[in-house]
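**Q** After the sequence you'll find the predicted model.
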Amino acid sequence: MDWLNSILQGVLVGGLYTMFAAGLSLIFGVMRLVNIAHGDLVVMAAYLALVVTQALGMSPLASLLVIAPLMAVIGYGLQRWLLNRTLGDDLLPPLLVTFGLSVIIQNGLLEVFSPDSRKLQAGAIETATIPLTPDLSIGVLPLVQFLVAVAMIGSLQALFYRTAWGRAFRATSDDQSTVQLVGVDNRHVFGLAMGLSLAVVSVAGVFLAVRANFDPSMGPARLIFGFEAVIIGGLGNLWGTLAGGVVLGVAQAIGAKIDPGWQLLAGHLAFLIVLAVRPEGFFPKVQA
Amino acid sequence: MRDLLSISRLDAFYGDFQALFDVSLRVGEGEVVAIVGSNGAGKSTLLKSIAGQIATRRDAITFDSEPIGGERANLLLKRGISLVPEGRRLFPSLSVEENLLIGAEHGRKGPWTLARVYDLFPVLAERRNQRSTSLSGGQQQMVAIGRALMSNPRLLLCDEISLGLAPIIVREIYARLPQITGDGMSLVIVEQDIVQALAASARVYCLQEGRITLEGDSQSVSRETLAAAYFGV
């Protein structure tokens, strides 16, 4: 029963990793941009949530009503006025610029908020549990987190495959020069994709901050988790990303169960094994 | 006939390489103009310049009495210039119908709708939900033409629509052109296949090594003159 419990908690934590991964996967899919600052943006969103909850007295989840649009606008601006200039045939400039951005965000947060770790208080929901059997129960918060992740992937999937925006995203991803011939401004589409990615990031940031302590140096590790979930699931497949997040969460939970020091190692090992055995991930994008 | 498009003294470059020299031409409202020339003569470059895929001098290209040279392709589409690019360039992640729909998204209002494109190319209606990559070359070309039509252009530019297609398919596609230009749309066809191009057009220009070497009436131009302009002999 102990093991079942660990695995179940791992699945639920996988929801959080899915949230880290979804935004990363989205912009890589649309514009082949690897955003090294992604994890730091998650942490930045967590700090924004801290400021908003303290200043407006909102609950962490409600603060998303403010933070998600704000992060989306920041994302659009960042893409239009900075990152679009780095995109081209050479893959190095966007990597270098987003790496620089990562350093700037980390140090900016350190300057403003100090290195002390912080946490968002969500109230009674944090300790509420649902008993499944006498020895097994799940936390309401991790469950909500997982359901939000599933809803997020479902909405992104619907957006990509059912709407005009999604058509423009996919067409731009296919061929950014030809898409202009049908009247789509690829620079604007890239801006929208980054805006959407950072709206997703803000949800991830809030759940990160409610779940445990956070501090300005946490970003790069969240980037790795997100990256690993994307690769395990298969690039360009949103439901695959959810599966990747769950695999990573479960691997970490099993590792931690064997020895608390093995939690992160087990996650990375699972990633390496998938990369060695099935480098295209579990559910690679279906290509005709 | 009023000029819809007029190009005067256009030079075009790929980096340091000059692909077009001092090109001038005009296309009237509702006119069908053919541009012929051998491989590398600059035909595609000329169409790309008109459609905004290559930077040019602002006043080198005039559309509907306004200078448009160097404007971005997505803005030119809203003005009514649509290019069927060489090699079709369909979006592989989109179904046939989605490829058509995205053509209409940012275009102008007008007679061309999904229903009318399916009417023009009935085979596309049967394959509407398939991926565009699963179609034959001829069907893909129909999608590319349909996608361009969906924006209801005033000027349709077709770059080598016969490229890589069986002669029977080429004839089938060319047979539909009158239905396309019936509403007064202007059409520019770029072709290596001279016979096809002459039959479909009213006037013809010949390009050779980036320069216009001939302008003439498609029906009355003699084979000898055209051959001389084409090959430069």
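**A** Done, it's in.
**Q** Contact partners for residue A:223?
**A** A:20, A:24, A:36, A:38, A:39, A:40 (C-beta atoms under 8 Å, 6 or more residues apart in numbering or on different chains). Backbone N, C-alpha and C define where each C-beta goes, glycine included.
**Q** Quick one: the helices in the stretch 51-200 of chain A, in order.
**A** Shown for the stretch 51-200 of chain A, the helices assigned by DSSP state H, counting those that start in this stretch span residues A:60-81, A:92-113, A:140-162, A:164-174, A:178-181, A:186-211.
**Q** Just put these in CSV and tack on mean pLDDT and mean neighbour count.
**A** Compiled in CSV, these are given as follows (pLDDT from 0 to 100; neighbours: other C-beta atoms under 10 Å in any protein chain shown):
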stretch, mean pLDDT, mean neighbour count
helix A:60-81, 96, 19
helix A:92-113, 96, 15
helix A:140-162, 95, 17
helix A:164-174, 94, 21
helix A:178-181, 96, 25
helix A:186-211, 96, 25
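**Q** and the ones you listed as CSV, adding distance to residue B:59?
**A** Shown next, in CSV, are those (distance: least, C-beta to C-beta, whole Å):
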stretch, distance to residue B:59
helix A:60-81, 29
helix A:92-113, 34
helix A:140-162, 42
helix A:164-174, 31
helix A:178-181, 22
helix A:186-211, 25
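**Q** Could you point out which of those sits nearest residue B:70?
**A** helix A:178-181 (13.5 Å; C-beta to C-beta).
**Q** next one: that closest one to chain centre, how far?
**A** Relative to the centre of its chain, helix A:178-181 is centred 30 Å away, using C-alpha atoms, centre = their mean, to the nearest Å.
**Q** Other residues contacting that helix?
**A** A:168, A:171-172, A:186, A:189, B:51-53, B:72-74, B:77, B:82-83, B:85, B:89, B:91, B:102, B:148.
**Q** C-alpha coordinates for that helix, CSV please?
**A** Extracted as CSV, the C-alpha positions of helix A:178-181 are listed here (Å, rounded to 0.1, in the frame of the first residue of the first chain):
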residue,chain,number,x,y,z
THR,A,178,4.5,30.5,-47.0
VAL,A,179,2.2,31.4,-44.2
GLN,A,180,2.7,35.0,-45.0
LEU,A,181,1.3,34.3,-48.5
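**Q** ranges for the helices of chain B?
**A** For chain B, the helices defined by DSSP state H cover B:43-51, B:73-79, B:96-105, B:114-120, B:122-126, B:137-149, B:167-181, B:194-200, B:223-231.
**Q** Which one, of these, ends up nearest to chain A?
**A** Nearest of these to chain A, taken as C-beta to the nearest C-beta: helix B:73-79 at 3.9 Å.
**Q** Which positions within the closest one qualify as buried?
**A** Residues of helix B:73-79 classed as buried: B:73, B:74, B:76, B:77, B:79 (neighbour count, 16 or more other C-beta atoms under 10 Å in any protein chain shown).
**Q** so how far is it off the chain centroid?
**A** 15 Å.
**Q** for stretch B:116-126, same thing?
**A** 20 Å.
**Q** on that earlier part again, using TSV, lay out the buried residues of helix B:73-79 together with distance to residue A:249 and pLDDT.
**A** Formatted as TSV, the buried residues of helix B:73-79 follow (distance: C-beta to C-beta, whole Å; pLDDT from 0 to 100):
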residue	distance to residue A:249	pLDDT
B:73	45	95
B:74	42	95
B:76	49	96
B:77	46	96
B:79	52	95
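**Q** could you dump those residues to a markdown table with distance to residue A:45?
**A** Output for those, formatted as a markdown table (distance: C-beta to C-beta, whole Å):
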| residue | distance to residue A:45 |
| --- | --- |
| B:73 | 36 |
| B:74 | 32 |
| B:76 | 39 |
| B:77 | 37 |
| B:79 | 41 |
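**Q** if we look at chain A, which of those are close to it?
**A** Restricting the buried residues of helix B:73-79 to those touching chain A (C-beta under 8 Å from any C-beta of the partner chain) yields B:73, B:74, B:77.
**Q** Over to the nearest residue to the last one once chain neighbours are set aside: give its phi and psi.
**A** Taking C-beta to C-beta, 6 or more residues apart in numbering or on different chains as the measure, residue B:77 lies nearest to residue A:183, with 3.9 Å between them; neighbours along the chain are not counted. Phi and psi for residue A:183, reported as degrees, to the nearest 10, are phi 90, psi 10.
**Q** Next, the contact list for residue A:183, please.
**A** With contact set as C-beta under 8 Å, 6+ apart, residue A:183 has these partners: B:74, B:77, B:78, B:105, B:106, B:107, B:151.
**Q** repeat that with 6 Å
**A** With contact set as C-beta atoms under 6 Å, 6 or more residues apart in numbering or on different chains, residue A:183 has these partners: B:74, B:77, B:106, B:107.
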